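1. kindly generate the corresponding structure for this input.
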Amino acid sequence: MSGAVPAGFVAVPMGGGFIGINGPFYVRHEGTLVQMGFRIEDRHCNPMGVCHGGMMASFCDMLVPVTAHRMAAVGRRFLPTISLQVDYLAAARRDAWVQGEAQLLRVTKGLVFAQGLVQADGEPVARLSGVYKIGQPFGPQIEALA
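-> Numbers count the residues shown, from 1 in each chain. I've put the predicted structure just below:
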């Protein structure tokens with residue numbers, strides 16, 4: 001159903017800026033399971049009605065920090081991207097529900113290493129691998145959003 005958000009997902013407040021404009025993103029966190037998703041709208045698409053690669057990369061880039069924060073692996077700290085590899089496996093069409101899960105491979109004193117898989121309406125569309133720096137603690141303006 002177009003526009004519907006699957007059961008258990010809640011909007012993640014991410015403030016203004018780029019993600020504020022291109023969201024909302026949704027998260028479902030049950031025990032050790034952390035999933036993030038969004039519904040592809042016209043504004044996310046290229047002229048062919050397919051999710052723009054930049055939008056998919058942005059989603060992948062948010063998937064790891066959201067997962068790391070929900071898993072309490074890094075505390076309430078900013079996670080700037082050091083490296084992000086996205087393999088585009090298939091097209092994700094307008095109105096599809098995009099959903100991803102990330103796996104934290106290793107967390108050191110200063111870095112998070114992760115991988116993940118993203119699906120659109122249940123079909124794999126992207127695979128990701130990333131390295132994130134464990135940065136500064138969130139300030140009060142960001143803490144309210146996390």
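2. report the central residue of the protein.
-> residue 63 (2.6 Å; Cα atoms, centre = their mean).
3. show me the contacts for that residue.
-> 36, 100, 101, 102, 116, 118, 128 (Cβ atoms under 8 Å, 6 or more residues apart in numbering). The C-beta positions use only the backbone N, C-alpha and C, and glycine is treated the same way.
4. give me the contacts around stretch 6-22.
-> Contacts of stretch 6-22 (Cβ under 8 Å, 6+ apart): 23-28, 30, 35-37, 43-44, 55, 58, 62, 66, 97, 99, 141-142, 144-145.
5. how about a cut-off of 10 Å?
-> 5, 23-30, 33, 35-39, 41, 43-44, 52, 54-55, 58-59, 61-62, 66, 69-70, 97, 99, 141-142, 144-146 (Cβ atoms under 10 Å, 6 or more residues apart in numbering).
6. among the contacts of residue 63, name the ones in strands.
-> 36, 100, 101, 102, 116, 118, 128 (DSSP state E).
7. residues near the fifth one, how many?
-> Neighbour count of residue 116, defined by other Cβ atoms under 10 Å: 20.
8. residues in a beta bridge with it, which ones?
-> On the basis of DSSP bridges, residue 116 is bridged to residue 102, residue 128.
9. thought it was touching residue 64?
-> Yes. Assessed by Cβ atoms under 10 Å, residue 116 is found in contact with residue 64 at 6.8 Å.
10. list residues touching both of the two?
-> With Cβ under 10 Å, 6+ apart, residue 116 and residue 64 have common neighbours 36, 100, 102, 103, 104, 128, 129, 130.
11. and the last one, what element?
-> Secondary structure assignment for residue 130, by DSSP states H and E: strand 123-133.
12. let me see the mean pLDDT of that strand.
-> Strand 123-133 comes out with an average pLDDT of 98.
13. ok, longest helix in this protein?
-> Criterion DSSP state H: the longest helix present in the chain is helix 53-70.
14. just the buried subset of the contacts of stretch 6-22, please.
-> 5, 23, 25-29, 35-39, 44, 52, 55, 58-59, 61-62, 66, 69-70, 97, 99, 146 (16 or more other Cβ atoms under 10 Å).
15. about what we covered before: buried sites along the strand holding residue 130?
-> 125, 126, 127, 128, 129, 130, 131, 132.
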